[in-house]
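Enquirer: fold the stuff below for me.
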Amino acid sequence: MVVRGLGDDGRCPMCGEFEESILHMLVLCEEAKWRLSPLRLEVTEVCESSFKAWCEARVGSSKDESWWALFWNVLWSIWLCRNHWVFNQKRTEVQEVVERAFRASLEYRDAQDRLSVGERLGKGLKAWQRPSDETLKVNVDAVVFDTGQVGYGGVVRDASGEVMVACCGQVDGGYEADVAEALAASLVLNVVWEAGIRHIIMESVCLKLIAHLKSAKVETTSFGDLVFDILGLASRFSSISFSHVGRDGNKVAHNLAQLSRSFMETRVWIAKVPREVQTFVVSDLCLVE
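Expert: I've put the predicted structure just below:
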């Protein structure tokens with residue numbers, strides 16, 4: 001800051017003991033707390049004379065992309081911690097610094113997963129498409145209400161667009177959007193199975209869910225647990241595939257999920273849908289004519 005004419009004290013504002021430099025601020029300062037990060041980097045004896053050289057020396061530490069994502073986010077979190085003290089005179093707990101870095105690295109990894117999935121799967125069908133004569137199409141959707149509850153909806157249609165089964169219901173919520181979508185898919189598939197349907201294509205607007213189901217990727221998270229349950233149920237069907245669809249192609253399931261707030265229990269309709277949703281069924285048919 002002294003170099004930039006923003007002060008007359010060149011000492012580190014965090015420890016107040018050494019001259020502030022990028023290397024000291026982000027690595028050497030006791031307040032940097034690298035030893036407490038998940039990376040467990042040892043910084044007590046640093047031979048490099050610059051921050052750039054120190055980073056280059058770490059190149060051989062790991063080739064894992066997630067390691068580097070966490071590495072850069074720890075640096076960013078330390079920088080934010082320093083600024084919070086300099087400009088707001090507020091200390092940031094070490095645990096918060098580490099957790100912020102960890103959350104940011106997970107968000108980065110998730111964004112990269114979504115990007116690569118989007119390249120593989122595309123943006124999803126914009127309009128509802130008829131299934132083949134041999135299969136039925138199941139559209140599922142979830143809505144998280146202001147109360148925290150999750151509404152879910154599902155509809156099964158044949159190649160002519162006729163509704164075979166429709167359902168909706170609510171469960172106690174507090175879930176993230178992707179977990180809610182996975183939960184909706186699990187609940188709807190159970191209804192479909194109980195209805196005796198065995199050959200299906202399942203569609204969802206949740207790109208992450210479809211990608212995990214296609215690749216059979218199971219994480220040790222609430223979302224991963226639901227993906228595992230769905231894959232287990234899927235194995236019981238004679239044939240099943242998963243497809244991503246845009247919101248315009250999922251309006252019937254979405255409006256069934258919205259309608260669930262009107263009911264206290266799960267509702268199932270055979271060979272019809274409630275009148276509040278009929279317009280969207282007809283609209284889908286008009287678009288594919």
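
Enquirer: strands along the stretch 1-150 of the chain, start to end?
Expert: Using DSSP state E, counting those that start in this stretch, the strands of the stretch 1-150 of the chain run over residues 136-144, 150-157.

Enquirer: so for Ile230, which of the ones you listed sits nearest?
Expert: Closest approach to Ile230 among the strands of the stretch 1-150 of the chain (Cβ to Cβ): strand 136-144, 10.2 Å. C-beta coordinates here come from the backbone N, C-alpha and C atoms, glycine included.

Enquirer: which one of the strands of the stretch 1-150 of the chain lies closest to Gly169?
Expert: Gly169 lies closest, by Cβ to Cβ, to one member of the strands of the stretch 1-150 of the chain: strand 150-157, at 5.9 Å.

Enquirer: so which of the strands of the stretch 1-150 of the chain gets nearest Ala101?
Expert: strand 136-144 (27.9 Å).

Enquirer: picking up where we left off before, how about TSV for the strands of the stretch 1-150 of the chain, with mean neighbour count added?
Expert: What follows is the strands of the stretch 1-150 of the chain, written out as TSV (neighbours: other Cβ atoms under 10 Å):
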stretch	mean neighbour count
strand 136-144	26
strand 150-157	26
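
Enquirer: now the ones you listed as JSON lines including distance to Leu259 and mean pLDDT?
Expert: Formatted as JSON lines, the strands of the stretch 1-150 of the chain follow (distance: least, Cβ to Cβ, whole Å; pLDDT from 0 to 100):
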{"stretch": "strand 136-144", "distance to Leu259": "10", "mean pLDDT": "96"}
{"stretch": "strand 150-157", "distance to Leu259": "7", "mean pLDDT": "97"}
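
Enquirer: burial measure for Glu99, as a count.
Expert: Neighbourhood size, Glu99 [other Cβ atoms under 10 Å]: 12.

Enquirer: wait, which of the strands of the stretch 1-150 of the chain is closest to Glu219?
Expert: Ranking the strands of the stretch 1-150 of the chain by proximity to Glu219 (Cβ to Cβ) places strand 136-144 first, at 18.6 Å.

Enquirer: how about the CA coordinates for the closest one, as CSV?
Expert: Only the C-alpha atoms of strand 136-144 are listed here, as CSV (Å, rounded to 0.1, in the frame of the first residue of the first chain):
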residue,chain,number,x,y,z
LEU,A,136,-43.6,-44.1,-22.6
LYS,A,137,-42.2,-40.7,-21.7
VAL,A,138,-42.1,-39.6,-18.1
ASN,A,139,-41.6,-35.9,-17.4
VAL,A,140,-40.7,-34.9,-13.8
ASP,A,141,-40.2,-31.6,-12.1
ALA,A,142,-39.8,-30.0,-8.6
VAL,A,143,-40.7,-26.7,-7.1
VAL,A,144,-39.3,-25.3,-3.9
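
Enquirer: partners of that strand in the sheet?
Expert: When pairing is defined by DSSP bridges, strand 136-144 lines up against strand 150-157 (antiparallel), strand 199-204 (parallel).

Enquirer: any weak-confidence spans in the protein?
Expert: The chain contains residues with pLDDT under 70 at 1-9, 33-38, 40, 44-45, 61-63, 106-125, 288-289.

Enquirer: what's the distance between Val205 and Trp269?
Expert: Going from Val205 to Trp269 by Cβ to Cβ, to the nearest Å gives 22 Å.

Enquirer: ok, Ala104 next?
Expert: From Ala104 across to Trp269, the span is 45 Å (Cβ to Cβ).

Enquirer: picking that back up, with neighbour numbers in mind, choose between Val205 and Trp269.
Expert: Between Val205 and Trp269, Val205 has the larger neighbour count (other Cβ under 10 Å), namely 21 against 16.
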